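Undergrad: need coordinates for the below:
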Amino acid sequence: MVTEPTRRYNLIAAIQQDDPSQGPEQLIADYQAGPQKLRAAIAGMTHDELLARPIIGKWSTLEVVCHVCDAEQFFADRLKRTRAMSRPLLLGADPDHYPEAVRYHDRDLEEELALVALTRGQVARILKLVPAEAWQQTAIHNEGGLVTLRQLVLHATRHLTHHVRFIAQKREALAAASNSPQGPGVPVEAGAPHEVERRGDFFISTDPSLLSGPRATLATGCCGCVGVGFEIVDQKPPTAEGNMARVIGIGGVFFRSGNPDQLYGWYEKHLGLQRTPGGVLFPWREADQQAKEQTTVWSLFPTDTKYFGPANPAFMVNYIVDDLDGMVADLRAASAQVEDIQDSEYGRFAWVTDPEGNRIELWQPPHGPA
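TA: Numbering: from 1, shown residues only. This next block holds a predicted model:
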């Protein structure tokens, strides 16, 4: 998923949020539990299932495992450099460049799983020897700004857990496809009356008869590639009025500027706003969950940005929501113009256009501290 730099800064800052309720022992325990979670997630899958892409536009399970393994190398390096150096610069990486370049589908599953386990075992041994005060050592992440050693451990832990959830979604989609009336992998003739689009050997269908069988919910993730033989969308009905999905906070406020650097300087000089690589960050805690920290980002975009939508408004607001699926379903039921949900390791996103043409960003952060 390609994003403008400021939005990616916001995403990184979200997944790196600290959780003060966890002490070092719990952080390390959760970190060490990751390899077993990953191995359990793929247990019993055949080679064909590992290579299958049962969700349109998303990675296969093997590609996910390889991505996790590659990411573990990045995380280990960042943790070691943060511990050993004085506020080092940490560089992010775009995962979409890797699957083809480093041959994810030609790599060995057991080797990937073993490398994840070895890496986390080695780093956990280092972390157990870190003195209490050193957990607040800092580094500069080029996409997330100032981060502590604690936050980097949380980032690594949450990243793997996030992808384990996506593997579970893929397994559910595979199971639903195998129980469908047509069965898994049954080819469809080109030009079938309900065919909407072909993607290589695959197609998207509007055939209503497919809905008579078990329905596979179309789920989205942060990783790309083509999907399965057919796509059936099980749309969630609008949320009951008593449990209406709602906005719980402001995730970001984004403005246009003819000269962002100069305007940032004015706000810093006269209003005291301290800029980070991701903009100005305002941490806060949810009223009913004081241990849960959120962040509101205030940032400037170039005047010619396309990110605010075709109406070219002067600003855009990111709203934090408690149930993105429910909110999108409610909005669509009300005939609102809503773009498809996109999932990433930093949370789930959707965009809606209000009656006056303003583009609104909806964001559901990753669930839980892990």
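
Undergrad: strands along the stretch 101-250 of the chain, start to end?
TA: Secondary structure of the stretch 101-250 of the chain (DSSP state E, counting those that start in this stretch): strands at 138-141, 145-148, 195-199, 202-205, 247-257.

Undergrad: for the helix or strand harbouring V65, packing partners?
TA: Secondary structure assigned from DSSP states H and E places V65 in helix 61-84. If contacts are counted by 3 or more C-beta pairs under 8 Å, 6 or more residues apart in numbering; DSSP states H and E, helix 61-84 sits against helix 24-42, helix 47-51, strand 89-90, helix 98-101, helix 109-127, strand 138-141, helix 149-178. Every C-beta, even on glycine, is put in place using the N, C-alpha and C of the backbone.

Undergrad: for those, which one sits closest to W298?
TA: strand 138-141 (18.7 Å; C-beta to C-beta).

Undergrad: neighbouring strands of that closest one in the sheet, and parallel or not?
TA: Strand pairing for strand 138-141, using DSSP bridges, gives strand 89-90 (parallel), strand 145-148 (antiparallel).

Undergrad: any idea which of these scores lowest on pLDDT?
TA: Here these differ in mean pLDDT, and the lowest is strand 145-148 at a mean of 84.

Undergrad: can I get stretch 65-77 as PDB, trimmed to CA atoms?
TA: What follows is stretch 65-77 as a C-alpha-only set of coordinates in PDB (Å, rounded to 0.1, in the frame of the first residue of the first chain):
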ATOM      1  CA  VAL A  65       5.900 -15.800   6.800                       C
ATOM      2  CA  CYS A  66       8.900 -14.600   4.700                       C
ATOM      3  CA  HIS A  67       7.900 -11.000   5.300                       C
ATOM      4  CA  VAL A  68       7.800 -11.600   9.000                       C
ATOM      5  CA  CYS A  69      11.200 -13.300   8.900                       C
ATOM      6  CA  ASP A  70      12.700 -10.400   6.900                       C
ATOM      7  CA  ALA A  71      11.100  -7.900   9.300                       C
ATOM      8  CA  GLU A  72      12.600  -9.700  12.300                       C
ATOM      9  CA  GLN A  73      16.100  -8.900  10.900                       C
ATOM     10  CA  PHE A  74      15.200  -5.300  10.600                       C
ATOM     11  CA  PHE A  75      13.800  -5.200  14.200                       C
ATOM     12  CA  ALA A  76      16.800  -7.000  15.600                       C
ATOM     13  CA  ASP A  77      19.200  -4.500  14.000                       C
END
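
Undergrad: contact partners of it?
TA: With C-beta atoms under 8 Å, 6 or more residues apart in numbering as the contact definition, stretch 65-77 has outside contacts at 38, 42, 50, 59, 93, 95, 98-99, 102, 104, 107, 109, 112-113, 115-116, 119-120, 122-123, 152, 155-156, 159-160, 163, 167, 223.

Undergrad: swap in 7 Å and give it another go.
TA: Stretch 65-77 is contacted from outside by 38, 42, 59, 93, 95, 98, 104, 107, 109, 112-113, 115-116, 119-120, 123, 152, 156, 159-160, 163, 223, using C-beta atoms under 7 Å, 6 or more residues apart in numbering.

Undergrad: L300 contacts N259, doesn't it?
TA: No. In this structure L300 lies outside contact range of N259 using C-beta atoms under 7 Å: 9.0 Å.

Undergrad: so between the two, which is more surrounded?
TA: When neighbours are counted by other C-beta atoms under 10 Å, L300 comes out ahead of the other of L300 and N259, with 23 against 12.

Undergrad: now do the phi/psi pair for the more buried one.
TA: phi -110, psi 140 (degrees, to the nearest 10).

Undergrad: and the gap between D325 and D354?
TA: The spacing between D325 and D354, counted by C-beta to C-beta, to the nearest Å, is 20 Å.

Undergrad: quick one: low-confidence parts of this protein?
TA: Under the criterion of pLDDT under 70, the regions of the chain flagged as low confidence span 1-16, 143-144, 179-243, 288-292, 345, 367-370.

Undergrad: what about 50?
TA: Scanning the chain for pLDDT under 50 picks out 1-3, 181-242, 368-370.

Undergrad: domain-wise, how is it divided?
TA: Recorded structural domains for the chain (assignment: automatic domain parsing) are 5-176, 241-364.

Undergrad: highest mean neighbour count out of those domains?
TA: When neighbours are counted by mean count of other C-beta atoms under 10 Å, the highest per-stretch mean among these falls to domain 5-176, a mean of 18.

Undergrad: related to what we said a few turns ago, and the helix holding V65 with helix 149-178, angle?
TA: Interaxial angle, helix 61-84 versus helix 149-178 (axes from the mean of the first three to the mean of the last three C-alpha atoms, to 10 degrees): 180 degrees.

Undergrad: got the angle between helix 61-84 and helix 24-42?
TA: Using the same axes, to 10 degrees, the interaxial angle of helix 61-84 with respect to helix 24-42 works out to 160 degrees.

Undergrad: if we can go back for a sec, out of the helices and strands packed on helix 61-84, which is closest to G265?
TA: Distances from G265 to each of those were compared by C-beta to C-beta, and the smallest falls on strand 138-141, at 19.5 Å.
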